[in-house]
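Enquirer: Okay, predicted coordinates and the sequence, questions at the end:
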Amino acid sequence: MKDRASIVIDAGNTSTTIALAFGPDAEIAAKTAVRGGISAGRGECAVALRRAFADADSRGFTVSGALLASVTPSVNDAWARLVREETGLALGLVTCATRLPYTIDIPHPETMGADRIADMAAAAVLYGAPALVVDIGTAVTYDVLSSDRRFFTGVIGPGPEILARSLHDYTALLPEVEWWRSKPPDAPANTEEAMLFGIDAGFTGMMRETISRLLPLAGEGAHLVATGGFARRFIPQTGYDFSIDDSLTLRGIGLLAQ
């Protein structure tokens, strides 16, 4: 009998990532990011699903399920249709009712985002408790897992893209800046460089302060885990010793699919 694998989908606000998850630690392969997700790139998403399915076959796995973690509920039905068309599988959804390797101990757990649920699952299984998990996306989440594996508190803040857009959108003269292309200069010499410096320093400082306030709540010996597209750029600037796992959310979805 072939070992089983799962197709995992992380549908965010800005982009969606499709991949294959396999093995006891939910290793990730055939990872494809689609800017704009299924709404802007349905064809690309279909190709990504076929690629993940083919990769499973080449590795000797049977794809036994597909699981979606979505923070954009309006696309869930479209994803269910596409997955069925391309793979013949029914698509499951990550929710607070999913069987989890930890307990959600907050009022109204149904308000917790699916990406955060998956992040905490991966942290609990792969890194251990207690833990502080930081996920840098359009918004940045900071989630605390207690030593007895309870999610009891977390913080949501603006990501660097929101900071950059707000400077342009709420002023008359400040331009849009492509803040992600390079780090700011040490001594800004023009308006764009001044904005790049402000975005970088402001976001790093906000992260550092948020982490410092949450660490006492996590407790002694907390595992620090970070993920998200710009974790490798910003996390080292905080001065804290994080493990950076670029596929943490996908691995969490894969573990939940098991």
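Expert: That came through, no problem. Residues are numbered from 1 along each chain as shown.
Enquirer: what's the weakest-modelled helix or strand in this protein?
Expert: Across the helices and strands of the chain, the lowest-confidence element by mean pLDDT, DSSP states H and E is helix 37-40, at a mean of 90.
Enquirer: Outside of that helix itself, list whatever touches it.
Expert: Ala11, Gly12, Ser15, Thr16, Val34, Cys45, Thr72, Val75, Ala78, Trp79, Leu82 (CB atoms under 8 Å, 6 or more residues apart in numbering). The way it works is simple: take the backbone N, C-alpha and C, and place the C-beta from them, glycine included.
Enquirer: And those residues, which is closest to Leu255?
Expert: Ala11 (17.8 Å; CB to CB).
Enquirer: what sits opposite that closest one in the beta ladder?
Expert: Ala11 has these beta-bridge partners by DSSP bridges: Thr16, Ser70.
Enquirer: and it, how far is that from Thr103?
Expert: Remark: distance between Ala11 and Thr103 (CB to CB, to the nearest Å) = 25 Å.
Enquirer: ok, the two, which is more surrounded?
Expert: Comparing Ala11 with Thr103 by other CB atoms under 10 Å, the one with more neighbours is Ala11, at 25 against 15.
Enquirer: List phi and psi for Leu132.
Expert: Here the main-chain torsion angles of Leu132 (degrees, to the nearest 10) amount to phi -120, psi 120.
Enquirer: Need the buried ones from the contacts of helix 37-40 selected in PyMOL.
Expert: Listed next is the PyMOL selection for buried residues among these, using 16 or more other CB atoms under 10 Å:
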select buried, resi 11+12+15+16+34+45+72+75+79+82
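Enquirer: one step back: please state the offset of whichever helix or strand comes after the least confident helix or strand of the chain from the chain centre?
Expert: Next helix or strand after helix 37-40 toward the C-terminus (DSSP states H and E): helix 42-58. Computed by CA atoms, centre = their mean, to the nearest Å, the separation of helix 42-58 from the middle of its chain amounts to 20 Å.
Enquirer: Name the surrounding residues that touch helix 42-58.
Expert: Under the contact criterion CB under 8 Å, 6+ apart, helix 42-58 has outside partners 5, 7, 16, 18-20, 22, 29-30, 32, 34, 37-38, 62-63, 78-79, 82-83, 85-87.
Enquirer: Buried residues of that helix, list them for me.
Expert: Arg42, Glu44, Cys45, Ala46, Ala48, Leu49, Arg51, Ala52, Phe53, Asp55, Ala56.
Enquirer: Just the mean pLDDT for that helix, thanks.
Expert: Mean pLDDT, helix 42-58: 94.
Enquirer: do the same with stretch 5-16
Expert: 92.
Enquirer: Next: stretch 226-237.
Expert: Rounded mean pLDDT across stretch 226-237 is 94.
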